[in-house]
Structure formats: structure tokens, C-alpha cells
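*Asks:* Need a 3D model of the following:
(chains A and B)
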Amino acid sequence: MKFQFENLTDFLQMSGHGPYVWACYALTAACLIYLCVSPLSKRRKLMAELKRQARITEHELRQQTAQSQSVKN
Amino acid sequence: MGWQWFHRLGSPRWFYEKTSAWIPWLAVLSAALLITGAVWGLAFAPADMKQGNSYRIIYLHVPAAFLALAGYYIMAVSGAIGLIWKMKLADMVMKCAAPIGAVLTFVALFTGAVWGKPTWGTWWVWDARITSMLILFFLYLGVIALQEAYQHQDTANKASAILALVGTVNIPIIYKSVDWWYTLHQPATIKFTSESTIHPSMLYPLLVMVIGFYVFYALVLLLRTRTEILAREKKTRWVRELAVNNGASNERGQA
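*Replies:* Okay, the predicted model is just below:
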């Protein structure tokens, strides 16, 4: 197995086919990265939202208990 | 006993917890395979005698097309399981398989068009293989659209499962199109029943890429399904606890 091109310029140009080949590799890489990132970012947003909700509920509960205690006093 | 796993699949939570450990393995394996295959195919596989270097697009075009078709089976079969056994998890897998399949079909069509330009002298022809792949793309888009079209998730699942099942008619047509209507697209070079018409020095990196795409597909389908599980079960206690603990562990990690 050996490197098929004479140098880096030759590798990038691929005797004229370079733009076609590299365009395909770039687009495919972008698509695959999108497929990985999109569910992860959706998940992160969802978890942040749920955490915020949990904090609000906790805060409300604490206020309620504080109010009921002040009423007793 | 033997069927216990099938009943457990009815529980999205069980599935979520079971698959957590698989994610890093799949990620590392797919990245390693895809990088190895791409470098091998781009730099070390010999140039094609007739097509020169443009043939190097095969290392993306063929695996993407394979997975576009395999992904359709996965979508249709899980749609059928959801229809028959009313299994929530199967409906989620069907929904999540649709956008992944659409992206992969788009990759296959795009790389095919770009490969066609230097090889055939045209970006596009209404050849049977290319047209049936375009129909596959629209079938995926149809499933995505139906998922969004209904207020009720159950109705959306039923409608898109039926579309996915009807659309399977297209799959054998795609496979056989290069033999039935032999016009511009070349017939398959990898054959399971007879000798492949591709030299081993070009075949091995292609096989690495195909396996890499399969593992990658498993990874992204799992990622998507797991996110879908969290989104649909967000009112349940276990997801709420997961969200709170998840944040806590992140803060600890930063501190």
C-alpha cells in the first residue's frame, strides 16, 4: 500500500477531479456531523428546560411553606 | 423467558438505561472506521483505470446508498411493529429513522450527481436507479411531514407507518433497476452471489466504509431515539430526576 499522489498539490487536485471528490467528502462530513449534533443539542435544550421547571417548582414549594409558617406565627 | 427482552422493549425507560453504555463504544468505533476508510480510499487505494480519481467518490456514494435502503427497512419494520403491537418504542424508532434516512439518501443523490459530471458528462439523468432513489427521498420526506401533520401522536404514527409500508414497494425496484433498465447507472460492483467486479485493493477500503456507515447509523439512530424517549416521557418522574441529576453532575464537572 503506498500513497498514490506525488505531493500535496497533486493530492488536492487529483488530476482535475479534485473539486468533485473534495466537494463530496466535505458535504458528507457536514451531513454526518449534523446527524450527530442535532439530537445532542435537542437533548441539551430539553434537559435545561426540565431543570429550570424543577427549580421553579422547588422555589414555589419553599414559598408556600414559608407563607404557611408565617400565618401560624 | 426467551421472550422477556421483547416485552422489556415495551418500556422506553429500560431501553434508555440499557443503551447508555453503548454510545461511547459506537462513537469510537464508527469514527475509527470512517476515518480509516476515508483516508485509505482517498489517498492509498489505486486510481481507477477508466475513471481516474473521480471514482474515489464511491467510498461515500455506495455506503450512503446502502444505509439509505437499510434505513428504510428499519423504518418500515418498526412502523409495522408499532401498528401491530402498539409498541411505543417502535413508533419512536420509526419517527427517528426518517430524518436520518432522508439525509443519507440526499448524500447518495448528491455524491452521485457530482460523480456523474466528470464520468457521464451530466449532473442528472432520469435513469431508473436515480429516479427510484429520488422517490425514496420523497418517501422519507413524506414520513417526516406526516409526523408533523397531526395533533395526535397516535394518528401520526399510524399514517406514517402505512406510508412507510406502502413505500417498501420501491426498495426491490431500486435494487433491480440497474438490471431491468440498464441505461446509464452502472450495475452493482459488490456481489454476494458471484465474484465482485472490483479489485481487492479498492474493495477493502469500501468494505471498511460500509461497516463504518452501519455503525454510524446505529449510533445516530440510538442518539435520536434516546432524545425522543426523553422528550415524550418528560412528565415522568425518572426523566425529571435525570434532568436534575444531569445538571448537578455537570456543575461538579466544571468545578
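
*Asks:* can we go C-alpha only for contacts and neighbour counts from here?
*Replies:* Noted.

*Asks:* got the residue ranges for the helices in chain B?
*Replies:* B:4-8, B:12-19, B:22-39, B:58-85, B:88-120, B:128-149, B:153-167, B:170-180, B:200-232, B:237-254 (DSSP state H).

*Asks:* Mind putting those helices into CSV with mean pLDDT and distance to A:F5?
*Replies:* Shown next, in CSV, are these (pLDDT from 0 to 100; distance: least, Cα to Cα, whole Å):
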stretch, mean pLDDT, distance to A:F5
helix B:4-8, 70, 52
helix B:12-19, 92, 43
helix B:22-39, 96, 13
helix B:58-85, 95, 18
helix B:88-120, 94, 20
helix B:128-149, 94, 32
helix B:153-167, 94, 44
helix B:170-180, 84, 33
helix B:200-232, 95, 16
helix B:237-254, 70, 46
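
*Asks:* for the ones you listed, which one sits closest to A:T28?
*Replies:* helix B:88-120 (6.2 Å; Cα to Cα).

*Asks:* buried ones in that closest one?
*Replies:* B:88-116, B:118-119 (16 or more other Cα atoms under 10 Å in any protein chain shown).

*Asks:* cool, stretch A:33-48 as well?
*Replies:* For stretch A:33-48, a neighbour-count test (16+ other Cα under 10 Å) marks A:35-36, A:39-40, A:43-44, A:46-47 as buried.

*Asks:* and these, which of them are in helices?
*Replies:* Per DSSP H, the subset of the buried residues of stretch A:33-48 in helices is A:35-36, A:39-40, A:43-44, A:46-47.

*Asks:* Make CSV out of the helices of chain B and add distance to chain A.
*Replies:* Below are the helices of chain B laid out as CSV (distance: least, Cα to the nearest Cα, whole Å):
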stretch, distance to chain A
helix B:4-8, 24
helix B:12-19, 13
helix B:22-39, 9
helix B:58-85, 7
helix B:88-120, 5
helix B:128-149, 15
helix B:153-167, 19
helix B:170-180, 22
helix B:200-232, 5
helix B:237-254, 5
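
*Asks:* quick one, which of these is nearest to A:Q53?
*Replies:* helix B:237-254 (9.2 Å).

*Asks:* Make sure I have this right: A:F3 is in a strand.
*Replies:* No - A:F3 is assigned coil when assessed by DSSP: H, G, I helix; E, B strand; the rest coil, not a strand.

*Asks:* is it true that it touches B:F44?
*Replies:* Yes - counting by Cα atoms under 8 Å, A:F3 does reach B:F44; the two are 4.9 Å apart.

*Asks:* Which one's more surrounded, the two?
*Replies:* More crowded of A:F3 and B:F44, by other Cα atoms under 10 Å in any protein chain shown: B:F44, with 18 against 13.

*Asks:* pretty sure that one is touching A:Q4, no?
*Replies:* Yes - with contacts counted by Cα under 8 Å, B:F44 reaches A:Q4, the gap being 5.5 Å.

*Asks:* how about the residues of chain A near chain B?
*Replies:* A:1-5, A:11, A:14-15, A:17-18, A:20-21, A:24-25, A:27-28, A:31, A:35-36, A:39-40, A:42-43, A:46-48, A:50-51, A:54 (Cα under 8 Å from any Cα of the partner chain).

*Asks:* thinking again about what came up before, pLDDT added to the buried residues of stretch A:33-48, as a markdown table?
*Replies:* A markdown table is the format used below for the buried residues of stretch A:33-48 (pLDDT from 0 to 100):
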| residue | pLDDT |
| --- | --- |
| A:L35 | 97 |
| A:C36 | 96 |
| A:P39 | 96 |
| A:L40 | 96 |
| A:R43 | 95 |
| A:R44 | 94 |
| A:L46 | 95 |
| A:M47 | 94 |
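
*Asks:* mind putting these in a markdown table, distance to B:Q186 included?
*Replies:* Below are the buried residues of stretch A:33-48 laid out as a markdown table (distance: Cα to Cα, whole Å):
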| residue | distance to B:Q186 |
| --- | --- |
| A:L35 | 29 |
| A:C36 | 32 |
| A:P39 | 36 |
| A:L40 | 38 |
| A:R43 | 42 |
| A:R44 | 44 |
| A:L46 | 46 |
| A:M47 | 48 |
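
*Asks:* Counting neighbours, what do you get for B:S54?
*Replies:* Residues lying near B:S54 (other Cα under 10 Å) number 25.

*Asks:* how about the nearest residue to it once chain neighbours are set aside, what does it touch?
*Replies:* Spatial nearest neighbour of B:S54, chain neighbours left out: A:H17 (5.4 Å); criterion: Cα to Cα, 6 or more residues apart in numbering or on different chains. Contact partners of A:H17, counting by Cα atoms under 8 Å, 6 or more residues apart in numbering or on different chains, are B:53-54, B:118.

*Asks:* Identify, from the ones in helices among the buried residues of stretch A:33-48, the entry nearest to B:L134.
*Replies:* A:L35 (20.2 Å).
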